[in-house]
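Participant: Here you go, sequence then predicted model.
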Amino acid sequence: MLAIKTLFPKSIIFRRSVRLMGIHFEISVVGNNPHWADERIDEAIAEINRVEKLFSTFSYSAINEINRHAGVRPVKTNPEIFRLIDRSLQVSELTHGAFDITYFTTERDAGNFDTNAGKKTSYKVATANINYQSVTLDAKEQTVFLKEKGMRLGCGPVVNGYAADRAKYILQMQGVDSGVINAGGDLLTWGSAPENESWTIANADPAQKAQPFANVVIGNMAIATSVNAEKYTPIINNKRLPTINPKNGFPVSEIKSVSIISPSAELADAMATPVMSMGVNAGLYLINQLNQMACIIVDDHDRIYTSKDVSIAN
């Protein structure tokens, strides 16, 4: 009996880069058939496009309906949108408002900005309307209500991660046992690399991106990184403009970058910036209280801090 050799016997990584949701996505799948890999990547891209349309604030969508009726009435939405907003508000509660998907609009029809009123009044009105506690959810009716006129919801801080999670789900349902989704530098992995090797990343100092300081194993996990913009803002009149925490008006702590590792890209995305604003000690304390979550923090002296149980190989 003759043994027939398969056309594509060895598993390799098939990659495709594409711009989606305003950022650069790279979708990688492990397989041994390029035609099969292309079809799977097409399905992942279609899912990311679906998520973008669902949560867009630039076209007719449920999010726009919620925003349009702020301070007027609750808006019924579909279960997928409702659940994402609900999870986002839970992260806001967990981080005491350091993470918040509400924001203030400068639209004239909202009546929030009077050009003759002065900047201080406008700022006070704006910050009053940035408050996750002013969002009311009705789980039975699947409605979302923004209590104050002028406040808005924007799922941008989590929607890229959510889209990556959804793309991974679609790929797994189509038989992709191993892969990586790179969403603007935030990574989501599952399975193993070829030859059963673990997925490993070089977590780099943001000031020297070509010089990794550590290898981090992230098999079946997601990692999202937030960089302190204060370190890279221009200097004006010999003074560097600081990044201000919108909740307390103070400059963010002296941290270069925060990388959050969790099973979900959505959650990793949501937690990276809040930990940045909390500072090293408070951020590490919070992450250490949470299951299946870890973080790596780099301060402005290039010192590395990690939460418990982080495996780093120098």
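Facilitator: Structure's in. What do you need?
Participant: what's the helix or strand for the closest residue to residue 152 other than its chain neighbours?
Facilitator: In space, residue 152 comes closest to residue 67 once its chain neighbours are excluded; the distance is 4.6 Å by C-beta to C-beta, 6 or more residues apart in numbering. Every C-beta, even on glycine, is put in place using the N, C-alpha and C of the backbone. In this structure, residue 67 is located in helix 62-68 according to DSSP states H and E.
Participant: Show the subsequent helix or strand relative to that helix.
Facilitator: Counting by DSSP H and E, the element after helix 62-68 in chain order, helix or strand, is strand 75-76.
Participant: Now do the helix holding residue 67: distance to the chain's middle.
Facilitator: Put simply, helix 62-68 sits 21 Å off its chain's centre (C-alpha atoms, centre = their mean, to the nearest Å).
Participant: List the buried residues in that helix.
Facilitator: Neighbour-count burial for helix 62-68, counted by 16 or more other C-beta atoms under 10 Å, picks out 62, 63, 64, 66, 67.
Participant: can you tell me how far the third one sits from residue 181?
Facilitator: Right, residue 64. Going from residue 64 to residue 181 by C-beta to C-beta, to the nearest Å gives 27 Å.
Participant: hang on, the earlier thing: and the buried residues of helix 62-68, which is closest to residue 173?
Facilitator: Distance to residue 173 across those (C-beta to C-beta) is lowest for residue 62, with 24.7 Å.
Participant: which residues touch that closest one?
Facilitator: 54, 75, 77, 78, 81 (C-beta atoms under 8 Å, 6 or more residues apart in numbering).
Participant: switch the cut-off to 10 Å
Facilitator: In this structure, residue 62 makes contact with 54, 55, 56, 75, 76, 77, 78, 80, 81, 82, 85, 144, judged by C-beta atoms under 10 Å, 6 or more residues apart in numbering.
Participant: Identify those among those residues that sit within helices.
Facilitator: Secondary structure from DSSP state H places 54, 55, 80, 81, 82, 85 of these in helices.
Participant: Is residue 97 in contact with residue 131, as I believe?
Facilitator: Yes - under the criterion of C-beta atoms under 10 Å, residue 97 lies in contact with residue 131, with a separation of 7.5 Å.
Participant: for the stretch 51-200 of the chain, what spans make up the helices?
Facilitator: All helices of the stretch 51-200 of the chain, identified by DSSP state H, counting those that start in this stretch, fall at 62-68, 79-94, 119-128, 156-173.
Participant: what's the least confident stretch among those?
Facilitator: Considering the helices of the stretch 51-200 of the chain one by one, the lowest average pLDDT is found for helix 119-128, at a mean of 52.
Participant: Helix, strand or coil: sort out residue 258 for me.
Facilitator: strand (DSSP: H, G, I helix; E, B strand; the rest coil).
Participant: and it, how many neighbours?
Facilitator: Residue crowding around residue 258 was assessed by other C-beta atoms under 10 Å; the count is 26.
Participant: quick one: it from residue 166, how far?
Facilitator: Distance of residue 258 to residue 166, given as C-beta to C-beta: 24 Å.
Participant: any idea which helix or strand of this protein has the worst average confidence?
Facilitator: Averaged element by element with mean pLDDT, DSSP states H and E, the chain has its least confident helix or strand at strand 235-236 (a mean of 36).
Participant: Now name the helix or strand holding the residue most central in space within the chain.
Facilitator: By C-alpha atoms, centre = their mean, the chain has its centre lying nearest to residue 269, at 2.7 Å. Secondary structure here is read from DSSP H and E; on that basis residue 269 sits in helix 265-278.
Participant: by contact count, what packs against that helix?
Facilitator: The elements that helix 265-278 packs onto, with contact taken as 3 or more C-beta pairs under 10 Å, 6 or more residues apart in numbering; DSSP states H and E, are helix 79-94, helix 156-173, strand 179-183, strand 186-190, strand 222-227, strand 255-262, helix 280-288, strand 294-299.
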